[in-house]
Every structure is written in C-alpha cells, then in structure tokens.
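A.B. asks: mind folding the following:
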Amino acid sequence: MNLFADIRTLVLDALAQMQSEGSLPADLDFANVTVEPPRDVLHGDMATNAAMVLAKSAKMKPRDIAETLVAKLVADARIIAADVAGPGFLNMRLDPLVWLSVIPKAIEDGAEFGRSNMGDNKKVNVEYVSANPTGPLHVGHTRGAVFGDALASLLDFAGYDVTREYYINDGGAQVDVLARSVYLRYLEANGQAVQFEDGTYPGDYLIAVGQDVKAKYGDTLVDKPESEWLAELRLFSSDAMMALIRADLASIGVKMDHFYSEKSLYGTGLIEQALADLDAKGLIYEGTLEPPKGKLPDDWEPRKQTLFKSTAHGDDVDRPIKKSDGGWTYFAPDIAYHYDKIQRGFDELIDILGADHGGYVKRMKAAVSALSGGTVPLDIKLTQLVKLYKNGEPFKMSKRAGTFITLRDLVEQVGPDVTRFVMLTRKNDAPLDFDFDKVREQSKENPVFYVQYAFARINSVMNKAKEAGIDVSDTALATSGTANLAHDAELIVAKKLAEWPRLLELAAKHHEPHRIAFYLYELASDFHSLWNRGKDEPDLRFLQDDKFDVSQGKISLIRAVSVVISAGLGILGVTPMEEMR
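C.D. replies: The predicted model follows:
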C-alpha cells in the first residue's frame with residue numbers, strides 16, 4: 001500500500017482523460033510526473049509537478065494544465081481540495097480517512113508492510129568491506145560494513161535478488177608482508193627476540209597466529225630461507241586473518257553470501273579473458289601517457305605501456321593495465337573481477353569503498369561500461385572517515401591492532417545495535433563523528449535511544465492494555481476502526497506512517513539506507529509528541545478508562561508505529577528493544 005503511488009495513478013488517469021477529451025496533446029511522456037509531500041505542510045498533503053513538466057512538450061501554460069487537472073482530481077472522493085500554486089504546482093488535501101486507512105494495513109502486513117517489487121527480482125551484487133586480509137577490521141571498515149549490509153537488506157526489501165560479496169585482496173604484495181610479520185611472531189613463539197621493521201605489521205593480533213604456526217611446524221622453519229616458508233605462510237596467515245575478519249563481521253551481524261579471492265583470478269586465464277574482451281572492442285593499445293598533472297615525479301619517464309582506452313567510456317585518462325616488467329597493474333585484476341561479475345549474470349553492480357578510493361571510481365565505471373556494452377550499471381559508494389570522541393576530545397582506545405582502533409573495540413564499548421544505527425545517521429559520503437557520550441545519553445539528542453524508546457513505550461502501553469483486559473492482538477487491532485482518531489496530532493502520525501512505502505522505494509532507488517534512520521527518528525518524534533500531548537489532553541491518551549473500543553482504536557495507531565519501527569530497524573540490522581534498560 002503506497003498512497004503516494006495511488007494518487008500518482010489518479011493524476012495519470014486524469015491526464016489521460018484530458019488527452020482523450022482533447023485538452024492535452026496525445027504524444028506526451030508522463031515518466032517525470034511525480035506526487036510527493038509538499039515542501040511546506042501548510043500547502044497541503046501531496047503535490048504534483050504534472051503541469052510544470054508537461055507544459056513545454058504540450059506547448060501550453062502550466063497553469064492552464066493545472067486548472068483543468070484540478071477539476072478532474074476533486075471529483076475523486078479521496079481528494080477534498082486541490083489548489084494551483086505559483087506558475088502551476090498543484091497541491092492536494094486528502095480526506096483524513098485515506099490517511100487512517102494505512103493503520104489496519106500496516107498491522108495486517110506486519111513486517112512485510114512497505115515491501116516493494118520495484119526491483120523486479122533483478123540480480124544485484126553488493127560488494128563491501130573487502131579489506132586486505134592483513135589484520136582485524138578497523139573503525140573505517142565498520143562504516144563500510146554497516147552501510148553495505150543495510151543497503152543489501154534495503155534492496156532485498158525492495159524486491160531485488162541481492163548477493164552480498166567480499167573481495168579478498170590476497171593477490172598482492174601486502175600478503176607477503178603479512179607472511180613475514182607472522183614469521184617474526186613465529187620466531188618469537190620459539191623464544192627468539194625479534195624486531196619489527198617499518199612496513200611490517202606489529203599488532204598483537206598476530207601473536208596467536210605465530211603460536212599456531214609453531215603448533216603446526218614446531219621449530220622446523222626457524223632460520224630457514226624465506227623461499228622455503230613464504231608461500232605456505234601466505235596461505236596460513238591470510239586464512240587466519242579471514243577467520244578473524246569473519247568473526248569481526250559476525251560481531252555486528254554481517255554475514256556475506258560469497259567471499260571471492262583475488263588469487264583465483266591468477267593462473268586461470270580470467271584476466272586474459274577480460275582483457276581480450278576489451279581488445280576485441282578496440283579498447284586495448286600500446287601507447288605513452290601524458291605526464292601527470294602538477295609536480296612531475298623525479299622518476300617519471302615517458303614509456304610505452306599497454307593501456308585501456310577508458311576515456312572512450314567517460315574516464316579522464318586512459319589507464320595502464322600492464323607494467324613495464326610485463327606484470328599486471330592493480331587495475332588488471334579489478335577489471336577481471338568485474339568481468340566475472342558480469343559473466344555471473346548480475347543486472348547491477350554496487351561497490352562500497354573507502355573515501356581514499358575516489359580516484360578509482362571513473363576508471364572502474366569505464367571498465368564495467370566497456371565490458372557490459374553499457375548494459376550493467378555500476379554504482380560506487382564512498383564512505384567517509386569516522387572520528388571517535390569522548391568527553392569532547394578525540395578518543396583513542398585499544399592499541400592491540402598496532403596502529404588503529406578495531407571494529408571489535410568499538411562494539412565492545414557500545415554494542416552492535418548502537419554501532420550500526422549511529423553509522424547510518426549520516427549519508428555515506430559525509431564525515432561521521434561518533435561521540436561515546438552522546439550515544440549513551442537518554443535524550444532526544446541520541447537518535448538510537450529516541451527510536452528504541454518509542455518502541456519500548458509502545459510495548460509498555462500494549463502490556464498495560466492486556467492487563468486491563470483489552471484485546472490488543474493484531475487481529476483485533478486491525479479491525480478496531482479508526483473513528484476516534486480525529487485529532488491533528490494523531491493524523492500527523494498516520495501521515496508519517498503512510499510515507500513509509502514511498503520512503504523505502506526512494507532509499508532503494510538512490511542506494512541511501514541512511515534515509516531509513518532519518519525517517520525512524522522523525523516517526524519516533526511524532527509518536528513522542530503525541531504521547532506528551534496526552535499528559536495534558538486526556539482525549540489523546542492511548543488507554544481510555546472503561547472505553548475499550550476507543551482504546552483499541554488509539555492503540556491500533558501506535559501498534560502500526562511499532563510495526564514500522566521494527567521493520568525499519570530490521571533493515572538497518574538493529575534489534576528493537578522491548579523495554580529500556
């Protein structure tokens with residue numbers, strides 16, 4: 001049930017009727033006609049841009065279209081008033097019963113309320129986290145993990161067939177560094193004093209890995225040349241780190257559908273296949289790039305390279321795919337990985353990366369465009385940095401990771417639910433301040449508490465109603481009627497509930513799960529306002545003495561609120577709290 005979609009259908013039907021009557025040209029495209037909340041609630045309940053977007057192609061004045069459209073719309077019983085504003089915007093007021101009709105629907109649908117089929121079961125690959133397997137996840141990874149997981153859940157709710165994927169960067173030199181660092185911990189486990197040089201990983205998290213190597217190999221690797229242990233310890237160490245990363249992800253409720261190893265691209269011909277595909281399209285050539293803009297590096301020299309003509313697909317410069325020594329650049333396996341995604345039949349690709357990957361966006365979009373012939377869109381979302389604060393100062397926690405604060409440190413401080421919700425209180429590309437004092441406040445300034453408190457308050461009302469002998473089963477509430485919900489404060493809550501299906505589709509369309517967090521805060525605010533007004537206005541109280549039918553109707557409203565809060569928190573991966581502790 002999407003009231004905004006229903007009224008848009010009404011508008012489109014009215015426009016079609018105007019065409020049949022000859023007051024509008026027949027060859028008009030209605031795709032950009034929208035129905036949405038007006039910018040100012042004083043203007044009405046819904047607004048449509050129909051007259052404004054059709055005026056040019058219809059060769060008519062917007063206001064002339066709008067005035068004819070008004071007459072059509074007010075003939076519908078759902079519309080009690082329609083007015084033309086400014087040059088041709090059209091504002092509508094709906095019968096309150098239309099808004100109230102969302103309450104029984106929300107209760108009947110329960111957790112499925114607002115679920116959409118807009119995705120049409122299209123296959124979407126959401127790749128996120130994808131941290132190097134060289135240590136535990138840090139705070140920056142946490143934001144990407146939460147954002148990616150919430151986005152995947154949102155797309156699933158919107159009717160997409162979603163695959164959550166983690167790309168294991170285990171093919172590069174950083175895994176050699178990991179193996180050497182583990183070897184030092186192995187020597188330490190065998191009683192030797194060791195020194196961690198620059199470029200190695202000194203974190204305490206590798207102590208246990210070194211001990212595990214000793215348990216498996218004893219002292220047989222001590223003093224052996226690197227050539228005898230590097231390959232084996234690469235595999236042993238990266239497997240140990242991926243087990244650690246999986247545990248980190250589990251601590252915040254993230255479970256991947258697929259882990260894809262970069263190593264699997266090498267020696268299998270997949271890189272060669274991907275580049276052959278581009279070559280067949282005339283996009284691979286031998287050439288010399290222009291020198292980089294700005295200060296010229298001392299070691300830069302013009303030389304011929306194997307290049308991908310990424311500028312043919314929107315990039316700023318062409319990109320090298322092979323080094324002068326004949327080895328692949330970092331970009332080559334990335335091309336092959338996305339080629340494989342396309343070959344696996346995904347209709348849409350989403351990559352979630354840290355803000356430091358901004359230079360990667362255009363080249364990867366160009367590669368996917370070229371590989372798919374422009375048929376598979378790639379959306380790359382960058383997550384900005386997270387800054388931790390306590391007592392108004394930057395906060396440094398455990399140093400067991402060596403040089404960074406871990407995801408596990410954060411979760412141990414505030415719990416997975418708070419971690420996830422706070423990470424979604426800002427748009428992904430905006431910096432995020434995580435204030436430990438704020439997230440523990442029991443106030444409106446703490447969005448986690450504010451939303452959870454609304455759910456707990458509603459649960460408390462339901463329990464008191466049961467004790468009073470009122471039937472508050474969903475069956476009873478869905479059929480209780482809404483005749484006693486006539487106050488403006490109650491209608492405000494009903495209108496906010498009606499926005500939920502539309503909000504979900506918009507959030508899914510734009511890949512913005514933070515909209516869910518914002519909406520839940522606003523819904524909680526409307527509920528708390530209604531609760532507080534009931535202290536001074538007895539008619540607004542949810543439990544009316546000796547008026548069980550009236551109480552049922554009022555409780556049905558807040559039960560619908562709890563349904564939506566529960567569904568929204570579920571998408572964000574947060575567990576609703578039955579009572580505040």
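A.B. asks: pLDDT below threshold where in the chain?
C.D. replies: 294-301, 396-404, 581 (pLDDT under 70).
A.B. asks: ok, 80 please
C.D. replies: In the predicted model of the chain, residues 291-302, 324-325, 395-404, 546, 580-581 satisfy pLDDT under 80.
A.B. asks: domains of it?
C.D. replies: 3-94, 447-572 (automatic domain parsing).
A.B. asks: just these: most buried one?
C.D. replies: Stretch with highest mean neighbour count among the domains of the chain: domain 447-572 (a mean of 19; mean count of other Cβ atoms under 10 Å). (Each C-beta comes from the backbone N, C-alpha and C, glycine too.)
A.B. asks: export the domains of the chain as TSV, with columns for distance to N117.
C.D. replies: Below are the domains of the chain laid out as TSV (distance: least, Cβ to Cβ, whole Å):
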stretch	distance to N117
domain 3-94	12
domain 447-572	10
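A.B. asks: out of the ones you listed, which gets nearest to A158?
C.D. replies: domain 447-572 (3.6 Å; Cβ to Cβ).
A.B. asks: ok so, going back, looking at the domains of the chain, which is nearest to M242?
C.D. replies: Among these, the nearest to M242 by Cβ to Cβ is domain 447-572 (25.8 Å).
A.B. asks: ok, which stretches of the stretch 401-550 of the chain are strands?
C.D. replies: For the stretch 401-550 of the chain, strands defined by DSSP state E, counting those that start in this stretch occupy the ranges 432-435.
A.B. asks: can you give me the helices in it?
C.D. replies: Ranges of helices in the stretch 401-550 of the chain, per DSSP state H, counting those that start in this stretch, are 407-414, 416-423, 447-467, 474-478, 488-510, 514-536, 548-572.
A.B. asks: so which of those helices gets nearest V146?
C.D. replies: Taking Cβ to Cβ, helix 416-423 is the member of the helices of the stretch 401-550 of the chain nearest to V146, at 4.1 Å.
A.B. asks: buried sites along the closest one?
C.D. replies: For helix 416-423, a neighbour-count test (16 or more other Cβ atoms under 10 Å) marks 416-423 as buried.
A.B. asks: and those, which is closest to L382?
C.D. replies: Using Cβ to Cβ, M423 comes nearest to L382 of the buried residues of helix 416-423, at 14.5 Å.
A.B. asks: quick check: closest non-adjacent residue to the closest one.
C.D. replies: V146 (4.1 Å; Cβ to Cβ, 6 or more residues apart in numbering).
A.B. asks: quick one: the one you found and T419 touch, right?
C.D. replies: Yes. Counting by Cβ atoms under 8 Å, V146 does reach T419; the two are 7.1 Å apart.
A.B. asks: which neighbours do the two share?
C.D. replies: I252 (Cβ atoms under 8 Å, 6 or more residues apart in numbering).
A.B. asks: sec struct for Y260, please.
C.D. replies: Of the three states, Y260 takes strand under DSSP: H, G, I helix; E, B strand; the rest coil.
A.B. asks: then the one 3 residues further on?
C.D. replies: For K263, the reduced secondary structure class is helix; criterion used: three-state DSSP.
A.B. asks: now swap in A77 and tell me
C.D. replies: Taking three-state DSSP, the label given to A77 is coil.
A.B. asks: show me what contacts it?
C.D. replies: So A77 contacts D95 (Cβ under 8 Å, 6+ apart).
A.B. asks: same question, the one 3 residues further on
C.D. replies: Residues in contact with I80, defined by Cβ under 8 Å, 6+ apart, are 74, 93-95.
A.B. asks: which of these lies closest to E286?
C.D. replies: L94 (65.4 Å).
A.B. asks: from E36, how far out is that closest one?
C.D. replies: Distance, L94 to E36, by Cβ to Cβ, to the nearest Å: 13 Å.
A.B. asks: what do these two both touch?
C.D. replies: Overlap of the contact sets of L94 and E36 (by Cβ under 8 Å, 6+ apart) consists of M46.
A.B. asks: doesn't K381 fall inside a helix?
C.D. replies: No. Secondary structure of K381 (three-state DSSP): strand, not part of a helix.
A.B. asks: tell me the phi and psi of the most centrally placed residue in the chain?
C.D. replies: With distances taken as Cα atoms, centre = their mean, the residue of the chain nearest its centroid is L151 (2.9 Å). Backbone torsions of L151, given as degrees, to the nearest 10, read phi -60, psi -40.
A.B. asks: ok, the residue lying closest to it once chain neighbours are set aside - contacts?
C.D. replies: Leaving aside its sequence neighbours, L151 sits nearest to P513 (Cβ to Cβ, 6+ apart; 5.0 Å). Residues in contact with P513, defined by Cβ under 8 Å, 6+ apart, are 147, 150-151, 153-154, 424, 507, 571-572.
A.B. asks: ok, those vs V386, which is closest?
C.D. replies: After measuring the contacts of P513 against V386 - Cβ to Cβ - the closest member comes out as F147, at 11.0 Å.
A.B. asks: what's the closest non-adjacent residue to the closest one?
C.D. replies: Going by Cβ to Cβ, 6+ apart, F147 has N428 as its nearest residue, at 5.2 Å.
A.B. asks: ranges for the strands of the stretch 101-250 of the chain?
C.D. replies: Going by DSSP E, counting those that start in this stretch, the stretch 101-250 of the chain shows strands at 123-127, 161-168.
A.B. asks: buried sites along the last one?
C.D. replies: Right, strand 161-168. By neighbour count on 16+ other Cβ under 10 Å, the buried set for strand 161-168 is 162-168.
A.B. asks: locate the residue of this protein with the greatest distance from its centre.
C.D. replies: Largest centre distance within the chain, by Cα atoms, centre = their mean: D223, 49.0 Å.
A.B. asks: quick check: phi and psi on that one?
C.D. replies: Note on D223: backbone dihedrals following degrees, to the nearest 10 are phi 60, psi 10.
A.B. asks: would you check how far apart it and Y201 are?
C.D. replies: Counting by Cβ to Cβ, the separation of D223 from Y201 is 22 Å.
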